[in-house]
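Undergrad: got a sequence here, can you model it:
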Amino acid sequence: MATIDIEEKRNQAKALLDSRIESVTDLVKTRQRIADLREQLAEAEREDKRAYVRATKDGWSPEELKKLGLESAAASRRRRNAARTAAAASDAASGGEVSDEK
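TA: Numbers count the residues shown, from 1 in each chain. Sure thing, here's the model as predicted:
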């Protein structure tokens with residue numbers, strides 16, 4: 001009967017598991033980075049809103065700010081979402097797939 005080296009098999013199995021653990025560790029790190037960046041973006045958007053309100057309280061009208069390319073972030077989000085919705089409806093009507101890419 002052939003002898004199976006238990007230690008060798010354990011080491012082979014451990015090497016396979018280490019590789020799998022490394023890949024899931026990379027995935028977790030990437031997901032955490034995304035979560036951190038989303039939080040940073042949310043904070044930046046809050047700061048932008050406060051700065052916009054401060055500018056309007058200092059006498060700038062929304063129309064003047066818009067002429068300077070500094071319209072309200074909410075207005076630009078509404079326009080972007082409306083364009084995305086229209087594109088999705090057009091794709092659906094033509095039988096195409098809707099993409100979530102930005």
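
Undergrad: longest helix of the protein?
TA: If you go by DSSP state H, the chain has its longest helix at helix 6-57.

Undergrad: check which element follows it along the chain.
TA: Once helix 6-57 ends, the next helix or strand along the chain (criterion: DSSP states H and E) is helix 62-67.

Undergrad: what about this structure, any weak spots by pLDDT?
TA: The model of the chain has pLDDT under 70 over residues 1, 76, 78-79, 95-102.

Undergrad: picking up where we left off before, distance from the longest helix of the chain to the middle of the chain?
TA: Helix 6-57 has its C-alpha centroid displaced from the chain centroid by 11 Å (Cα atoms, centre = their mean, to the nearest Å).

Undergrad: can you name every helix or strand that it contacts?
TA: helix 62-67, helix 73-93 (3 or more Cβ pairs under 8 Å, 6 or more residues apart in numbering; DSSP states H and E). (Glycine included, C-beta is placed from N, CA and C.)

Undergrad: how about stretch 66-82: buried residues?
TA: For stretch 66-82, a neighbour-count test (16 or more other Cβ atoms under 10 Å) marks residue 72 as buried.

Undergrad: now that stretch, how far from the chain's geometric center?
TA: Put simply, stretch 66-82 sits 20 Å off its chain's centre (Cα atoms, centre = their mean).

Undergrad: need the helices and strands packed on helix 6-57 in CSV (columns: distance to residue 30).
TA: Converted to CSV, the helices and strands packed on helix 6-57 look like this (distance: least, Cβ to Cβ, whole Å):
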stretch, distance to residue 30
helix 62-67, 37
helix 73-93, 25
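
Undergrad: those helices: which one's closest to residue 45?
TA: helix 73-93 (6.4 Å; Cβ to Cβ).
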